[in-house]
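Peer 1: got a sequence here, can you build the structure:
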Amino acid sequence: MDPVAAAPAVGTVRLRQLQLVGVLSGFAAGAWLGAAEAPTKMVTLGFPPVVISLLMVLGVFLARWTLPALIRGNSGISADVRQAPHLIIWAVLAGCLWAVANTLTVFAIRDIGLSIAFPLWNSNSLLGIVWGFVFFNELRGAGRSRRLGVLGGAVLMFAGATLLAITSSTQAPSGHALRGVVAALMAGALWGTMYIPYRKAYLTGMNPLSFVTFFSIGEVVMMTVLALSDRGGVAPLAAELARSKTIVFWLLCGGFVWVIGDLFQQYAAKYIGISRGIPLSNTNQLWGLAWGTLVFGELHGGGAGTYARVIGGSVVMALGAAAIALATANPLEHEQWREAGRREGEKYGVDRTYVESALSGEAGGEHRRTWVDWAIVCGATAVFIGFATVAQVPHLALNWSAMGVLVLLSLALLVAAGVTLWKATRFS
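Peer 2: All right, here's what the predicted structure looks like:
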């Protein structure tokens, strides 16, 4: 008997529920990933990009240990590790890729601005589609209309990215448009490849909250190596960090916000696949455009033609992402996902029940929080409070009203997606 057929398939109603969870998670991811990049604008004040990226990664590290401890507890993480210890290596590798990509985005923002750089590094969607199909059976059995939706969306996204790249060649704030474009596209390539470990983990059964905990180790190690190499050693790096103490709090907050967005992105990748979930979370390009133009005044004085090309390119890319996201997986394709999960489980000797229950979103469960969990939460909180006492508001021209509106919209999406995810899966 076929091993996949032997296990009960996910019912149609349940599959639609999981698809809704994935779609809402993708939208929430877009909002919070977009907001997380706002603090990187401080690169325009003269702070080194590598130092800014390192401080954001430290905020990410604090969040990646605090949120899982608060939501699920370390007992849940330990349970996942016992089932699939090999995924720790994949998580650390993904973290290393993320650290390099994030550093490249800071260089891109410095050279071509936030509103233009965002759509370019979101070329990671195209790689997500390729890797999802090649390695994880995504789009197999999906039918012609769904495949056309995904491929047509990819073409639209490429067209939008091309329009934005052309625009950036004349709008780069520092006169280094080509360098900024290359940095943004390289970041997209690294992030697109990073989604391979994501999908391996979730098809095998690991909870996203567990995966990101070990992901953070790779981030911190790789980012520290990059920062030491760029600054020329421990002493010069320490001097730069001391000089940046007034902005540390804001960058730590940026890292924390990024993790909230990334967690939703992880759940989107789990429940609707990387070929759909990643493009949907890449609506962060629209949030990046909103933060860049409405809050920071980017493109001011660029002329009607510039605004038309940037907005038009972003809209075209967003339409492409929407087409991909709406081409939802049918039961036949979901069976192919289960086959990929079974293959991964057999390769690494993972319990089949664990794999199947996680794929259907039924492995949340309750895990007891210990004093270790609360110590992690209290320690991270103390770090944020400590740096808040020495923080200063950076000298950036901001539209506070626009910022308030964007923050409220982001919080609304957080509540909507979080409640739906909890009710449907208990954060499985």
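
Peer 1: hang on, residue 159 packs against residue 314?
Peer 2: No - using C-beta atoms under 8 Å, residue 159 is not in contact with residue 314; the gap is 11.7 Å. Just so you know, the C-beta spots here come from the backbone N, C-alpha and C atoms, and that holds for glycine as well.

Peer 1: among those two, which residue is more densely surrounded?
Peer 2: Using other C-beta atoms under 10 Å as the criterion, residue 159 and residue 314 rank with residue 314 on top: 26 against 15.

Peer 1: in which helix or strand does the residue positioned nearest the centre of the chain reside?
Peer 2: Centroid-nearest residue in the chain: residue 262, 3.7 Å away (criterion: C-alpha atoms, centre = their mean). Residue 262 is part of helix 248-272 when elements are defined by DSSP states H and E.

Peer 1: residue 368 too?
Peer 2: Per DSSP H and E, residue 368 falls between elements, in no helix or strand.

Peer 1: mind starting the numbering at 629 from now?
Peer 2: Taking 629 as the first residue, the last one we looked at is residue 996.

Peer 1: could you report the distance from the residue nearest to the centre of the chain to residue 658?
Peer 2: 11 Å (C-beta to C-beta, to the nearest Å).

Peer 1: got it, and residue 898?
Peer 2: Distance from residue 898 to residue 658, counting by C-beta to C-beta: 16 Å.

Peer 1: over to residue 978. Which of the three states is it?
Peer 2: Secondary structure state of residue 978, per DSSP: H, G, I helix; E, B strand; the rest coil, is coil.

Peer 1: ramachandran angles for it?
Peer 2: phi -90, psi 140 (degrees, to the nearest 10).

Peer 1: contacts only, for the nearest residue to it once chain neighbours are set aside.
Peer 2: Counting by C-beta to C-beta, 6 or more residues apart in numbering, residue 978 lies nearest to residue 712, which is 5.1 Å off, once chain neighbours are set aside. Residues near residue 712 by C-beta atoms under 8 Å, 6 or more residues apart in numbering: 829, 832-834, 976, 978, 982.

Peer 1: now with 6 Å?
Peer 2: Residue 712 sits next to 832, 834, 978 when contact means C-beta atoms under 6 Å, 6 or more residues apart in numbering.

Peer 1: I figured the second one hits residue 708, correct?
Peer 2: I take that to be residue 834. Yes - if you go by C-beta atoms under 6 Å, residue 834 and residue 708 touch, sitting 5.1 Å apart.

Peer 1: who has more neighbours out of those two?
Peer 2: Legend: neighbour count by other C-beta under 10 Å for residue 834 and residue 708, higher for residue 834 (29 against 25).

Peer 1: any idea how far residue 874 is from that one?
Peer 2: Residue 834 is 39 Å from residue 874, where distance means C-beta to C-beta.

Peer 1: next: residue 984.
Peer 2: 51 Å.

Peer 1: the two: which has the busier surroundings?
Peer 2: It is residue 984, of residue 984 and residue 874, that has more neighbours when counted by other C-beta under 10 Å, with 21 against 13.

Peer 1: now the helix or strand encompassing that one and helix 876-900, what's the angle there?
Peer 2: Residue 984 belongs to helix 980-987 when assigned by DSSP H and E. Here helix 980-987 runs at an angle of 110 degrees relative to helix 876-900 (axes from the mean of the first three to the mean of the last three C-alpha atoms, to 10 degrees).

Peer 1: quick check: which ranges of the stretch 779-928 of the chain have low pLDDT?
Peer 2: Low-confidence segments of the stretch 779-928 of the chain, defined by pLDDT under 70: 789, 792-804, 927-928.

Peer 1: mind doing that once more with 80?
Peer 2: For the stretch 779-928 of the chain, the stretches with pLDDT under 80 are 779, 782-783, 785-806, 833, 910, 913-914, 916-917, 921, 925-928.

Peer 1: okay, and residue 776 sits in which element?
Peer 2: Judged by DSSP H and E, residue 776 forms part of helix 772-799.

Peer 1: just to confirm, which helix or strand has the spatially closest residue to residue 654 that is not a sequence neighbour in it?
Peer 2: In space, and not counting its chain neighbours, residue 654 is closest to residue 908: 3.1 Å by C-beta to C-beta, 6+ apart. Using DSSP H and E, residue 908 maps to helix 902-909.

Peer 1: which strands and helices sit next to that helix?
Peer 2: Contacts defined by 3 or more C-beta pairs under 6 Å, 6 or more residues apart in numbering; DSSP states H and E place helix 902-909 against helix 640-664, helix 752-764, helix 805-832, helix 876-900, helix 932-954.

Peer 1: average pLDDT for the second one?
Peer 2: Right, helix 752-764. For helix 752-764, mean pLDDT rounds to 82.

Peer 1: okay, buried residues for it please.
Peer 2: 752-757, 759-761, 763-764 (16 or more other C-beta atoms under 10 Å).

Peer 1: contacts for that helix?
Peer 2: Around helix 752-764, the neighbours that count as contacts under C-beta under 6 Å, 6+ apart are 766-767, 782, 785, 816, 819-820, 823-824, 827, 901-903, 906-907, 910, 968.

Peer 1: no further queries at this time; thank you.
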